[in-house]
Structures are given as C-alpha cells and as structure tokens.
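Undergrad: requesting a structural model of the entry that follows:
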Amino acid sequence: MNYIYFRYLLFLFIYIPFLNTSHAEQPQSISINSPAASPTPIRFLLTFDDGPSASEYDNPSEKILNVLKTNPFQNDIKAIFFTQTQAKGAGGSEHGRKLLKRMHDTGHELAFHTATPGHANHRFLSEQELRCSLKQGIADLTDVRSSSPQLVRPPFWSYDEKTLAIYHENNLQMLLTDLSANDGVIYVFNFSFTKRKNMRKMLLALRPRWQAGELPNLDGATPIVVTFHDINRYTASHMEEYLEILLDVAKELEMPTTTLPFYDKHDEMLRAALLKTTKDSSVKPALPGIWNWLWSWL
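TA: Just a heads-up that it's a prediction; the model follows:
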C-alpha cells in the first residue's frame, strides 16, 4: 500500500501541475458534418466539488453562489455541490455549515463527496471505514436538507466494484462528469491559460456520441455535466468567464443549447443528474484528464 501511495503522490507532484498552467494554444479549425437528423439540444448541468469553503475572507464558494444567482448569461442557475461535510476547511467548519444551508435554501442540490477529515480516496478505505464515512456524511447533509442525499461523487473520481456497491447500499447514486475545468489540484500558481481549450477539447470528444443520439436525454435536452471546484479562488474569480466559454464552444462546435442553457429548476436538474449516474461498475465512463489512465495503472 505504501508503494501505491508513493507512485500516486509522485505522479500528482510531477504531472498534474502542468494541466492547469500550460501555454495558451489557438483553437484549430475542424470540419463539422451536420447529422442527418438534429440531435437533442444540450443543457449544461453545473457541479462543484470539495466545498463549501470555510474561509471568512473572499470566500470562493460565496462568490460562485453570487455568480450563479446573477450573471450576464442566465440568472438563477442551479448547481449540484458535492460537499466535504467533516473537513475543517469545508463543511466541518461553522462558516461551511452556514454555506451548506444557504446552498440548500437557494435551490441547489447538496450531494456527498467526503465525510473524512481530509479528501480521502474511497478505494483506499476499508469497507467499514467507508460505510462509517457514508453514514456520517448522510447524517450531516440530512440535518441541512431534512432528507437524505441521493448523489455521491468519489474523491479523485476513484471507484471500483466494492465502493459502488456500498454507495448503492446507502441509496446513493454515483455521478461522474462529461467536462471538467481541471481545477482540483493546484500547486504554487493558481491560474489557467487553457480554460477554453480544455472545455472545447472535451466537448469536441463528446460530440460524435451526441450527434449519433447515444447520450441520454430528458425533457427535450441532452444534459452535459460540467465539474468545477468551489474552493478554488481562481475558479470563483473567473466563473462568469467559464459560463461564457461553455456557451461559446457549444456554438463553435454547432451543438445548440436549449433556450435556457443551464438548469434553473432544482427538480429538473436532479432528474437529469440521476439519468447520468453510473449504475454498473463494469461500465467505465471516460473521466476528465488523466484519471482513467491513472486508476488503471495503480
């Protein structure tokens, strides 16, 4: 186990920092062929991991909530927050608990990420530790929501047959992602030259399946799950820009959005999220960045 952790940490320190700080590249033109029949318009389902921030100064989670409420593109956007309920820098703090209540009261969905003191990998916990963690997190969120959470996202996107079965035992459905800002691991320099490039690349990779009608759709829309981290100050400061980028690359790739391009009603958003959950551990959805490769290697 120590060797596995060593390889994992070594990889994080050597490779991941470059994901968010690469030099900017001009987007290359592509040839887009129109499908014979138009697929369902896309609708972006925004999700945030690791929060809410405990900071009482320039709080990034608060800034993101404010942008979702009022921005130039669509007001009152609803999102899913995958929360750390026991971390002192997040929901385990007094300020974090206040933000959990604010998120719930303003129509966002509170979901489970961790209930350990740190950002623990569920695959590296014993079955008993994982069950206890889930029990604690479900209780924490139930106190705020007055109902049990329905969604879970594993830290580091790391799951296997065992963890997925234990999620299901606890009536939790696992939601991964289609697009990611790659903003979860930042060392020294917290900025990104590649925000637009990353989103365009991932949406372009998804486009053939959307065009072929292979992606799940609901209520006349194809939900596209997008992941950010609401404890990241750079993300919070550039949230409006990220919204614009999503709309811009969708237009460039000729992937029309619904009239309201982001979910604005809690129940519609939750139904779309449940449609996208992973039910079977033998199905291996594509993960953002290098995570598929990393978990096949470790």
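Undergrad: can we go C-alpha only for contacts and neighbour counts from here?
TA: Noted.
Undergrad: quick check: buried residues in stretch 89-96?
TA: The neighbour-count check on stretch 89-96 (16 or more other Cα atoms under 10 Å) flags Gly89, Ala90, Gly91, Gly92, Ser93, His95, Gly96 as buried.
Undergrad: average model confidence for it?
TA: Summarised as a single mean, pLDDT over stretch 89-96 is 96.
Undergrad: just to revisit the earlier point, mind putting the buried residues of stretch 89-96 into CSV with distance to Asp280?
TA: As requested, the buried residues of stretch 89-96 are arranged in CSV below (distance: Cα to Cα, whole Å):
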residue, distance to Asp280
Gly89, 33
Ala90, 30
Gly91, 30
Gly92, 31
Ser93, 35
His95, 37
Gly96, 33
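Undergrad: quick check: the farthest pair among these?
TA: Gly89 and His95 (9.4 Å; Cα to Cα).
Undergrad: what do the two both touch?
TA: Counting by Cα atoms under 8 Å, 6 or more residues apart in numbering, the shared contacts of Gly89 and His95 are Ser53, Ala54, Ser55.
Undergrad: for the residue nearest the centre of the chain, grab phi and psi.
TA: Central residue of the chain (Cα atoms, centre = their mean): Thr227, 2.8 Å from the mean position. According to degrees, to the nearest 10, the main-chain angles of Thr227 amount to phi -120, psi 130.
Undergrad: closest one to Ala165 out of the shared contacts of Gly89 and His95, please.
TA: Looking across the shared contacts of Gly89 and His95 and measuring by Cα to Cα, the closest to Ala165 is Ser53, at 29.7 Å.
Undergrad: which of the residues in stretch 123-139 are buried?
TA: So, applying 16+ other Cα under 10 Å, buried residues of stretch 123-139: Arg123, Leu130, Arg131, Ser133, Leu134, Gln136, Gly137, Ile138, Ala139.
Undergrad: which residues sit in contact with Thr85?
TA: Gly91, Gly92, Phe112, Thr114, Ala115, Thr116, Gly137, Asp140, Leu141.
Undergrad: let's see which of those end up in helices.
TA: The helices, defined by DSSP state H, take in Gly137, Asp140, Leu141 from the contacts of Thr85.
Undergrad: could you report the pLDDT at the residue lying closest to the second one once chain neighbours are set aside?
TA: Yep, that's Asp140 we're talking about. Spatial nearest neighbour of Asp140, excluding adjacent residues (Cα to Cα, 6 or more residues apart in numbering): Thr85 at 6.4 Å. On pLDDT, Thr85 comes in at 98.
Undergrad: just how off-centre is the host helix or strand of Lys63 within its chain?
TA: Element membership of Lys63 [criterion: DSSP states H and E] is helix 60-69. Centroid separation for helix 60-69 versus its chain: 16 Å, with Cα atoms, centre = their mean, to the nearest Å.
Undergrad: and it, what does it pack against?
TA: In terms of contacts (3 or more Cα pairs under 8 Å, 6 or more residues apart in numbering; DSSP states H and E), helix 60-69 is packed against helix 94-105, helix 233-237, helix 239-252.
Undergrad: rerun at 7 Å
TA: helix 233-237, helix 239-252 (3 or more Cα pairs under 7 Å, 6 or more residues apart in numbering; DSSP states H and E).
Undergrad: contacts for it?
TA: Helix 60-69 has contacts (Cα atoms under 7 Å, 6 or more residues apart in numbering) with 51-53, 75-77, 230-233, 236, 239-240.
Undergrad: hmm, which of the residues you listed are the buried ones?
TA: Using 16+ other Cα under 10 Å, the buried members of the contacts of helix 60-69 are Gly51, Pro52, Ser53, Asp76, Ile77, Asp230, Ile231, Asn232, Arg233, Ala236, Met239, Glu240.
Undergrad: need the contact list for the last one.
TA: Residues counted as contacts of Glu240 (Cα under 7 Å, 6+ apart) are Val67, Asn71.
Undergrad: next: the fourth one.
TA: Residues in contact with Asp76, defined by Cα under 7 Å, 6+ apart, are Leu68, Lys69, Thr70, Asp264.
Undergrad: burial count for the last one?
TA: Put plainly, it is Asp264. Number of residues near Asp264 (other Cα atoms under 10 Å) recorded here: 20.
Undergrad: and for Asp50, the neighbour number?
TA: 26.
Undergrad: just for the stretch 101-250 of the chain, where's the confidence low?
TA: For the stretch 101-250 of the chain, the stretches with pLDDT under 70 are 184-193.
Undergrad: helix, strand, or coil at Pro261?
TA: Following DSSP: H, G, I helix; E, B strand; the rest coil, we place Pro261 in the strand state.
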